[in-house]
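Enquirer: for reference, the sequence and a predicted model appear below.
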Amino acid sequence: MGVAAIKEYTFEPADRLENFHGNQLLYIGWDQHLLFAAPFCLPMPPAMRFGDIVEKVLPGIYGYHPDFAQIDWSKVEWLKSGQPWQADFDKTLAELGLKHKDALRFRTPGLNGIKGSAS
Amino acid sequence: MDMKVSKKKLGLKEKYQHMTRGLGWETTYQSMDEVFPYAKYEGIKIHDWDKWEDPFRLTMDSYWKYQAEKERKFYAIIDAHAQNNGHLSVTDARYINAVKLFLNGISPLEYMAHRGFAHAGRQFPGVGPRVACLMQSLDEIRHAQTQIHSLSNYNKYYNGFHEYRHMLERVWYLSVPRSFFDDAITAGPFEFMVAIGFSFEYVLTNLLFVPFVSGAAYNGDMGTMTFGFSAQSDEARHMTLGLEVIKFILEQDPDNLPIVQQWIDKWTWRGYRVLTLVGMMMDYMLPKRIMSWKEAWEVYFEENGGALFKDLARYGIRPPKWLDQIEKDKDHISHQAWAVFYNYAAACNFHTWIPTDDEMDWLSQKYPNSFDKYYRPRLEFWREEAKKGNRFYNKTLPMLCQTCQIPMLFTEPGDPTQICYREVDYKDNKYHFCSDGCKEIFEHEPEKYIQSWLPVHQIYQGNCFNEGVDPTAEGFDPLAAVLDYYHLNFGRDNLDFEGSEDQKNFDAWRGMATKNT
């Protein structure tokens, strides 16, 4: 049973891919840095190079944090849907198999937020 | 003459009989199923509506009399409050933001409750619950009105009160209380009664009203306190109705138990999520604190709720699911929520701020296991940055939970350093949740929640700009366009309390009332 209803009740999901004008949604969260109180939601073209997100988008959204400038991107650990995931900065989102509404997290070993408080 | 004279006046019992039960009949032109189309589809089986026991035996004529009396008292006090510049007696102008949260987030729910009870009353084939729902429906619209009238006094002087009705359906954080109630009124009449009548009015109501009403009393806000008191006797009736509904449904048929249990699990969790806003208000927004969120939860849920569910055990009802998680979360959610509003203060219709040193010490004392370790460092960092003119305003939209619509601010039960992520694949789409509770609610009725109007996604779809705005134009500023659509005045309604127009005006006006310069 998909819903309790008096008659047939099926509708398109409100957030299907075609509603986003050529973009797909990518969620991204920086573990142990809750100064950013929740993960982010970004509309991105599937043809965007992943490295461009890291190099051009993330500084704008995470740059406020003193840890951000110290990140060694070669040591960053990525997770997709909670599972270890191999990033490749030269591939596009589509080539990396990132689909609409996928959630990525990244971990920066050694950088644990303001005074180590996960903030 | 031996003519038989009928009694002139009906006894109370007879009057009740005629004016409630006597008003119903079995329809013949149309079948009862056609007249009451929502009575059966939820799977609840009712065999005898006459078994409904009305604990108050109130009839409409006496109802009007009681309410009219309360209205007279209420408006006398509200007038006095307005004429004596009651708004200047509050502890400090930060308090007024708690009132904004109430008017924007809670008062519209009173109106929605009015609609919901009117609908449920219309749909129940039994006369007893129909009359009870009618009265509660009228109570709820009265509450909405008294709150709006009472708080309109603040609207004359302070920002953020002016468009609560418009904002309810648009502003990102207001989708949390709004979607909660929309979920309830789009359910069937029985689920609505368990959701709002029982889970909200009975189990959680003290956690909503006591903090706001006591908060008002502690902070010198006579206006808000008065509508709280005026609603109090109604609330007692609502709580009794909520409990009666549960008992009645469960006594009618054993098949009803699993359905009701699932509703109790769902609505306790959903209500608890909405109460995150109240927890934040208690711990951060009242200059004069009453008690911490954690203490309130312990008194009003763990103790009182514990006794209630012990009482319901004889019907086979067990306490709601996920209480073990709530127990772990009570040290954290208010701080995590305040962090979200501090982050997104540019898109909000009330102000946020960093607590004073005294207030941080109070938080340390109330939250010895969490505040100094996880939350104080973040607040002190923000304070330092703000002093340097670098107040943090997060301009990137957050990821939301598909069910409760709250930004994904909650952490893993037992690990306050790790955001809790849950996801489900359903019909080629992915859905994300803040918790096991929200995930399970989705999985039970996915077709309902895949239509959630998530403010962040709606903005990205281009649905949150005023007509005629061109998002592809050069120099397009999406934040400004969204705030226009919200009717939120940049620099007046939003941003930090420090330096706000409210702060300046309050200081100036209070100065005029207390000083000679």
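Expert: It's in. Because the structure is a prediction, the values reported are computed rather than measured.
Enquirer: going forward, measure contacts and count neighbours with C-alpha atoms only.
Expert: Will do.
Enquirer: if I pick the residue most central in space within chain A, what's in contact with it?
Expert: By CA atoms, centre = their mean, the mean C-alpha position of chain A lies nearest to A:Ile28, the distance being 2.1 Å. Contacts of A:Ile28 were listed using CA atoms under 8 Å, 6 or more residues apart in numbering or on different chains, and they are A:39-42, A:103-106.
Enquirer: leaving out the residues flanking it, which one is nearest to the closest residue to chain A within the stretch 51-200 of chain B?
Expert: Across the stretch 51-200 of chain B, the shortest distance to chain A (CA to the nearest CA) belongs to B:Ala187, at 7.7 Å. Of all residues not flanking B:Ala187 in the chain, A:Ala4 sits nearest, at 7.7 Å (CA to CA, 6 or more residues apart in numbering or on different chains).
Enquirer: related to what we said a few turns ago, quick one: the residue of the stretch 51-200 of chain B closest to chain A is in a strand?
Expert: No - under the criterion used here (DSSP: H, G, I helix; E, B strand; the rest coil), B:Ala187 is coil, not part of a strand.
Enquirer: quick one on the thing from earlier: tell me the confidence at the residue nearest to the centre of chain A?
Expert: According to the prediction, A:Ile28 has pLDDT 98.
Enquirer: quickly list what it is bridged to.
Expert: Per DSSP bridges, the residues bridged to A:Ile28 are A:Phe40, A:Leu104.
Enquirer: give me the contact list for stretch B:24-32.
Expert: B:35, B:125-127.
Enquirer: I misspoke; the intended subject was stretch B:444-457.
Expert: Outside stretch B:444-457, the residues touching it (CA under 8 Å, 6+ apart) are A:1-4, A:9-15, A:41, B:170-172, B:175, B:179, B:397-400, B:402-403, B:405, B:426, B:442.
Enquirer: first to last residue in it, what's the distance?
Expert: 23 Å (CA to CA, to the nearest Å).
Enquirer: mind listing what's buried in that stretch?
Expert: Residues B:444, B:446-450, B:452-457 are the ones in stretch B:444-457 that count as buried (16 or more other CA atoms under 10 Å in any protein chain shown).
Enquirer: ditto for stretch A:77-84
Expert: By 16+ other CA under 10 Å, the buried positions in stretch A:77-84 come out as A:78-80.
Enquirer: dump that stretch to PDB, restricted to CA.
Expert: Extracted as PDB, the C-alpha positions of stretch A:77-84 are listed here (Å, rounded to 0.1, in the frame of the first residue of the first chain):
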ATOM      1  CA  GLU A  77      37.900  10.300   2.100                       C
ATOM      2  CA  TRP A  78      34.600  10.300   0.200                       C
ATOM      3  CA  LEU A  79      31.400   8.500   0.900                       C
ATOM      4  CA  LYS A  80      28.400   8.100  -1.300                       C
ATOM      5  CA  SER A  81      25.200   6.900   0.400                       C
ATOM      6  CA  GLY A  82      27.400   6.100   3.400                       C
ATOM      7  CA  GLN A  83      29.700   3.800   1.400                       C
ATOM      8  CA  PRO A  84      33.400   4.500   0.500                       C
END
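Enquirer: which helix is the longest one in chain A?
Expert: Secondary structure of chain A read by DSSP state H shows that its longest helix is helix A:58-62.
Enquirer: who touches that one?
Expert: By CA under 8 Å, 6+ apart, helix A:58-62 touches A:36, A:68, B:394-396.
Enquirer: secondary structure for those - can I get that in a markdown table?
Expert: Formatted as a markdown table, the contacts of helix A:58-62 follow (three-state DSSP):
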| residue | secondary structure |
| --- | --- |
| A:Phe36 | coil |
| A:Phe68 | helix |
| B:Asn394 | coil |
| B:Lys395 | coil |
| B:Thr396 | coil |
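Enquirer: ok, so of the contacts of stretch B:24-32, who is nearest B:Gln136?
Expert: Closest approach between those and B:Gln136, by CA to CA: B:Val127, at 14.3 Å.
Enquirer: quick one, what contacts that closest one?
Expert: B:20-21, B:23-24, B:49.
Enquirer: which of those residues sits closest to B:Tyr315?
Expert: Set against B:Tyr315, the nearest of these by CA to CA is B:Trp49 (18.6 Å).
Enquirer: returning to what we had before: which members of the contacts of stretch B:24-32 are positioned in helices?
Expert: Checking the contacts of stretch B:24-32 against DSSP H, those in helices are B:35, B:127.
Enquirer: report the longest helix in chain B, please.
Expert: helix B:222-252.
Enquirer: what residues does the stretch 101-250 of chain B put near chain A?
Expert: B:Ala187 (CA under 8 Å from any CA of the partner chain).
Enquirer: so what's the residue nearest to A:Arg49 when sequence neighbours are not counted up against?
Expert: Nearest residue to A:Arg49, sequence neighbours excluded (CA to CA, 6+ apart): A:Thr92, at 4.0 Å. Neighbour list for A:Thr92: A:46-50 [criterion: CA under 8 Å, 6+ apart].
Enquirer: I'd guessed A:Met48 sits against A:Asp90; true?
Expert: No - with contact defined as CA atoms under 8 Å, A:Met48 and A:Asp90 do not form a contacting pair (9.7 Å).
Enquirer: more neighbours, these two?
Expert: Taking other CA atoms under 10 Å in any protein chain shown, A:Met48 and A:Asp90 do not tie; A:Met48 has more neighbours (16 against 13).
Enquirer: show me where pLDDT drops low in chain A?
Expert: A:1 (pLDDT under 70).
Enquirer: can you pull out the helices in it?
Expert: Counting by DSSP H, the helices of chain A are A:50-52, A:58-62.
Enquirer: other residues contacting the shortest one?
Expert: Okay, so that is helix A:50-52. Contacts for helix A:50-52 (CA under 8 Å, 6+ apart): A:87-93.
Enquirer: excluding its backbone neighbours, what's nearest B:Pro407?
Expert: B:Leu400 (4.2 Å).
Enquirer: pLDDT score assigned to B:Asn479?
Expert: Quick fix: residue B:479 reads Leu, not Asn. The model's pLDDT for B:Leu479 equals 89.
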